[in-house]
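Undergrad: What shape does this take:
(chains A, B and C)
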Amino acid sequence: MQKSLTSQRRRSLMLAAAGTALASPLTALAQAGGEDIVIGGSIPMTGVFAFAGIGINAGMQDYVKIINDAGGIKGRKLRYVPEDTGYKVDVSVAAFKKITSQNKVNLYYGDSTGFSKTINPELDRNGNILMAGASFATELNDPKKYPNQFLVGPDYTEMFGILLKHIAKEKPGAKVAFVYSDSEFGRDPIEASEAAAKKLGLNVVVKLMTPPGSVDVSTEVIKLRRAAPDYTIFHGYVLAPIPEFITQGKQQGMKSKWMGTFWTMDSSTVMKMGPDGDGFMGVMPYRYYYDTEKAPMLDKIRQMRPEYQSTAYIQGFLAAMLFTESAKRCLDAGKELTGKNLKTALNSIKDFDTGGLIGVPITIKGNSIPVGRVYRADMKAQKMVAASDWIAL
Amino acid sequence: MRIGTLKETYVADAALFDSRTQKIWLVVAGALLVLFPFVASDYWLYLACLVSINVASATGLNILTGYTGLVSLGQAAFMGLGAYTVATMESTMGTPFALNLLCGGVVAMIGGLVVGIPSLRVKGLYLAIATIAASFITHFLFANLSFTGGTGGLSIQPASWFGLPLDTSFRIYWLIVPVTLLMLLGAANLFRTRIGRAFIAIRDRDISAEVLGIPLLRYKLLSFGLSSFYAGVAGGLWAYFFRVVTPESFPLLMSIFFLAAIIVGGMGTILGGVLGAVFMTMVPELLKFVFDLIPGGAGLTVFLSPVRTIIFGLLIIGFLVFEPHGLAEIWRRVRRYFHLWPFRN
Amino acid sequence: MMDWAYLFEISLTGVAGGGLYSLAALAFVIVYKATRVVNIAIGEMLMAGAYLFFTFAAMFALPIWLAIPATVLGSGLLGAMIERTMIRPLLGEPPISVFMVTVGLGSVLVGLVEVIWTADQRRLPEFLPAQPIMIGDAFLAPKIFWGAVIAVIFIAAVLLIFRFWRGGIALRATASDQAAAYSVGINVPRVFSLAWVFSAMIAAVSGIIVGSIGGISSSMGVFGLSVLVVVIVGGLDSVLGALIGGLFIGLVEALAGAYLGGEYKLLATFIVLVAVLLVRPYGLFGTHEIERL
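TA: You can find the predicted model right below:
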């Protein structure tokens, strides 16, 4: 026991020395041309977001493999360097510092809204990195404040917008209820979406906020029932407490249709809702793994991975695709890989075919991709089926 | 072997660093601290700053729990108060960071007094529970008051030293480490004074302390206020370091982390607070290192986060059961061995 | 203009929901009553019970009438093990130390659950009757109702046990004076083990009910914090206090949620806590005593 203390201290000092010794030749190497394009990642492979992190990790790995097998970008190979963060902001930041100090990083994937916000000044200072992330926070969709970042899909307000547009088409003047969690994630789109709903002529009858980790939602269900909405949109949750709301709501005779946003809409999550979840709808910007519509990239994914891949996988895959496309366009224009140039390249993406991952060709004008489709859960077939066309805002 | 430590004056006896070897080691440590940022990579600088902030906060908690015997689970909440104060002042008034840090400490101290006054009238574990309540109430305030930026939080401009923005780990190191050292010195000095001794008396047997003439409520409040002040300043440093504060930044888990740090390090010694904070901050990094070494470790990274949680809990339990005086005690044993060498212990 | 029907419906569901708190609070009180240990890991023990039930009922697909006893037994074993390895060695130490051990225990349990079952949220198989309960026009969710019923049954049972069964009396004796209990021949270490085993079993039942309502996840333990408020309000060592306190806090939460908004639920609970600490720190039914620390 006596020895372990001094050797721990000694070891960390040795590590510090070794780390710096190792880092220097690496940075020297990176200056030379034709070297790898590095995609760094703070990935939540453990912790509460692990189901997403594992999918994202696999998606990015697979796409990098596809590109490298085809020869890379102008002869330069892609290298994907992930670190696990357990969905904690300080671990994410530490991972970022570690990866950027050991590699010349041009593209980075972040695991959370908190991380994206914290690291933004560092990105601006670094100037060489374009970043995307798992977050769809509305605040990040601001090219002035977050010039080196983008979202791999619509932001949460846009997601609500897509759902509201669908509702307004299906039932004009309908009564809508928002049920969201008391967290930054949950509160994000509520205010703006209420205004958007009014503009579409919809009536937001009640907004219910549930405390995080709450078990008993019966009081909220009673309030919801009394408001008698035609549609109830859940946001800020993964699974709980949505099934409880639906079950109790149905028991009390509510006729509302139930909807959710991205993080609830993974097929395996919705299927966990049981028979009461039949008919659950929501917005999903991507196709599902088992979609049978014409999608060459989905076929490729199904070849590489015979078992079901989550929507998080598709998000990681698509992020890598957009990273690659930006880098390619940047190099094609003869420009250096800096954050600014990569972002300009990204914004030059117009009517881009994602190989069917998103059902329509996409254009990235700002920081987000405001496209999505409403899907509905079919419990008998254990699948999500399309309930609308692709809606672009 | 240590010989010739004869003291001839009271002043010499009460000195913090009494032997020549100690003073030499201090100079060496100081030199290392000064040299460190010039040789370390960005990643290690980041870790050093984080460790330093944790040391400052743990020392504050040590004053309260280790020296005065009052268990608090609200350290993170008071750090949050300090951090938000600094954030608000920096964003709205742009006052110099020294003033902001001081104000952060004072606001946290006031918070501490507010929590302390009702709950210190009742003994023991009720204070711990009241501090849990304080955590939730401050979280609610941070998330719902108008000027605290709601659940999105506040982002802060980097502190500036005569116009030079302290925006890299290298630069902010020079703010964080000296402040931490100052706080450590302050705490060490505190326990040479009457007030410090009163705290220790309260911890050992508060009824006897009262008999000796120590007004219990007043000194307990003082202890609580001081530890909250430390937490507030540490929180302010945290704010300048991460430059984003949100209500989620200071969860109850963080308070538990600090309590664990002083238990593992050794309650009731300044060195214990330092060792504990360093150890607990570095454990996740060490774990990652160990996982990388294990062959086939790539598949095991899925378990990194839960294993970290388990080890965290086991450390607390293990030290409490087997080594209640913590790492500081282990360190003392090592020192004693070298003091008495070549005589066997 | 008060909507009385609304108030009644909210209150009803709040009181019934408080039954859930009462059951978990009972588990806490049993341990405190017998061993004077504040077990802050009660939420995590609840979670462990829920996950055990998930393993038996969903993963091994045992029928419900087998899964529940298996879960209860398994939890009892867990409780005994915890007591033997972590609590017994700290018998003479100050209460702070044991309290911190339970904090560490909570972490260990969460980590174990994440390692074995991953941190994903899951649902438990349904086994409570699904017929909604109607009292006049007021609707009460069936799971909550049956949960409350089970809680009341258990509390009544424990009250009777403490009064009439020898083991229960031994528990009370050990609680009031360890030395005296030893001198009349009560096997005090055995009583301690028994207390922890019972506590774990009841926590498991509570976990099963809470899990079947809100699903299970590795962060279920936060339920324990609300339970802490309940036991303070009711009195740390009072079984009846656990019941009344639980119902009361359930009511407060429901009213706060209904009339103020969801974000005020926890705030209201903790304000009640602070008020109780100020006015009557030993709780409604707790025993007055000078606590030495």
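Undergrad: What's the mean pLDDT across stretch A:144-161?
TA: Averaging pLDDT along stretch A:144-161 yields 92.
Undergrad: Show the end-to-end separation of that stretch, please.
TA: End-to-end distance for stretch A:144-161: 22 Å, by Cα to Cα, to the nearest Å.
Undergrad: residues of that stretch that come out buried?
TA: Neighbour-count burial for stretch A:144-161, with 16 or more other Cβ atoms under 10 Å in any protein chain shown as criterion, is recorded at A:146-161. All C-beta spots, glycine's among them, are computed from the backbone N, C-alpha and C.
Undergrad: wait, B:Ala58 sits on B:Gly266?
TA: No: counting by Cβ atoms under 8 Å, B:Ala58 does not reach B:Gly266; the two are 10.9 Å apart.
Undergrad: Need the overlap of contacts for the two.
TA: Common neighbours of B:Ala58 and B:Gly266, counting by Cβ atoms under 8 Å, 6 or more residues apart in numbering or on different chains, are B:273, B:276.
Undergrad: Between these two, which is the more surrounded one?
TA: The neighbour comparison of B:Ala58 against B:Gly266 (other Cβ atoms under 10 Å in any protein chain shown) goes to B:Ala58, with 33 against 27.
Undergrad: now the more buried one: how far from C:Phe139?
TA: Counting by Cβ to Cβ, to the nearest Å, the gap from B:Ala58 to C:Phe139 is 51 Å.
Undergrad: Can you pull out the low-pLDDT segments for the chain?
TA: Because you didn't say which chain, this covers chain A. A:1-34, A:213 (pLDDT under 70).
Undergrad: Wait, chain B was what I had in mind.
TA: Residue ranges of chain B with pLDDT under 70: B:1-4, B:122-124, B:296-302, B:344-345.
Undergrad: For it, which residue gets nearest to chain A?
TA: B:Ser305 (3.2 Å; Cβ to the nearest Cβ).
Undergrad: For that residue, pull up the helix or strand it's in.
TA: Applying DSSP states H and E as the criterion places B:Ser305 in helix B:304-322.
Undergrad: what's that helix in contact with?
TA: In contact with helix B:304-322 (Cβ under 8 Å, 6+ apart) are residues A:45-47, A:50, A:84, A:86, B:257, B:260, B:263-264, B:280, B:283-284, B:287-288, B:291, B:326, C:86, C:89-90, C:93, C:97, C:100-101, C:103-115, C:119.
Undergrad: returning to what we had before: can you count the residues close to the residue of chain B closest to chain A?
TA: 27.
Undergrad: which stretches of the stretch 151-293 of chain C have low pLDDT?
TA: Ranges of the stretch 151-293 of chain C meeting pLDDT under 70: C:288-293.
Undergrad: Now do the helices in it.
TA: With DSSP state H, counting those that start in this stretch as the criterion, the stretch 151-293 of chain C has helices at C:166-176, C:178-183, C:188-214, C:223-234, C:239-259, C:264-279.
Undergrad: try the stretch 201-345 of chain B
TA: Going by DSSP H, counting those that start in this stretch, the stretch 201-345 of chain B shows helices at B:206-211, B:216-242, B:252-265, B:270-293, B:297-300, B:304-322, B:326-340.
Undergrad: Pull the contacting residues for A:Ala94.
TA: For A:Ala94, the contact set (Cβ under 8 Å, 6+ apart) comprises B:43, B:46-47, B:50, B:285.
Undergrad: So which of those sit within helices?
TA: Taking DSSP state H, the ones among the contacts of A:Ala94 that sit in helices are B:43, B:46-47, B:50, B:285.
Undergrad: and the gap between the residue of the stretch 101-250 of chain C found nearest chain A and chain B?
TA: Per Cβ to the nearest Cβ, C:Gly214 is where the stretch 101-250 of chain C lies closest to chain A, at 3.7 Å. As for C:Gly214, its distance to chain B is 19 Å (criterion: Cβ to the nearest Cβ, to the nearest Å).
Undergrad: Give me the number of neighbouring residues for that residue.
TA: Neighbour count of C:Gly214, defined by other Cβ under 10 Å: 25.
Undergrad: The stretch 201-345 of chain B against chain A: which residues are in contact?
TA: Residues of the stretch 201-345 of chain B lying near chain A by Cβ under 8 Å from any Cβ of the partner chain: B:242-244, B:246, B:248-249, B:279, B:282, B:284-286, B:289, B:301-306, B:308, B:327, B:330-331, B:333-334, B:337.
Undergrad: How about the residues of the stretch 101-250 of chain A by chain C?
TA: Contact residues (Cβ under 8 Å from any Cβ) of the stretch 101-250 of chain A with chain C: A:182, A:208-211, A:213-223, A:225-226, A:238-241, A:243-244, A:248.
Undergrad: Among these, the buried ones, what's the ChimeraX command?
TA: Selecting the buried subset of those in ChimeraX, with 16+ other Cβ under 10 Å as the burial test, is done by:
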select /A:182,208,209,210,211,213,214,215,216,217,218,219,220,221,222,223,225,238,239,240,241,243,244,248
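Undergrad: got a list of what residue 279 touches?
TA: Just so you know, I chose chain A. A:257-258, A:376-377.
Undergrad: domain assignment for chain A?
TA: Domains of chain A are assigned by automatic domain parsing as A:33-153+A:295-362, A:156-284+A:373-392.
Undergrad: ranking the contacts of A:Gly279 by neighbours, who comes first?
TA: Compared across the contacts of A:Gly279, A:Trp258 has the highest neighbour count, 25 neighbours, by other Cβ under 10 Å.
Undergrad: A:Tyr109 - that's part of a strand, no?
TA: Yes: under DSSP: H, G, I helix; E, B strand; the rest coil, A:Tyr109 sits within a strand.
Undergrad: Correct me if wrong: it contacts A:Leu130.
TA: No: applying Cβ under 8 Å as the test, A:Tyr109 and A:Leu130 come out as separate, 10.2 Å apart.
Undergrad: Looking at the two, which is more packed in?
TA: Neighbour tally, A:Tyr109 and A:Leu130, criterion other Cβ under 10 Å: the higher count belongs to A:Leu130, 28 against 24.
Undergrad: hang on, the earlier thing: out of the domains of chain A, which is closest to C:Gly235?
TA: Among these, the nearest to C:Gly235 by Cβ to Cβ is domain A:156-284+A:373-392 (23.3 Å).
Undergrad: For the residue nearest the centre of chain B, what are phi and psi?
TA: The residue lying closest to the centre of chain B (Cα atoms, centre = their mean) is B:Ala58, at 1.9 Å. Backbone geometry at B:Ala58, expressed as degrees, to the nearest 10, gives phi -60, psi -40.
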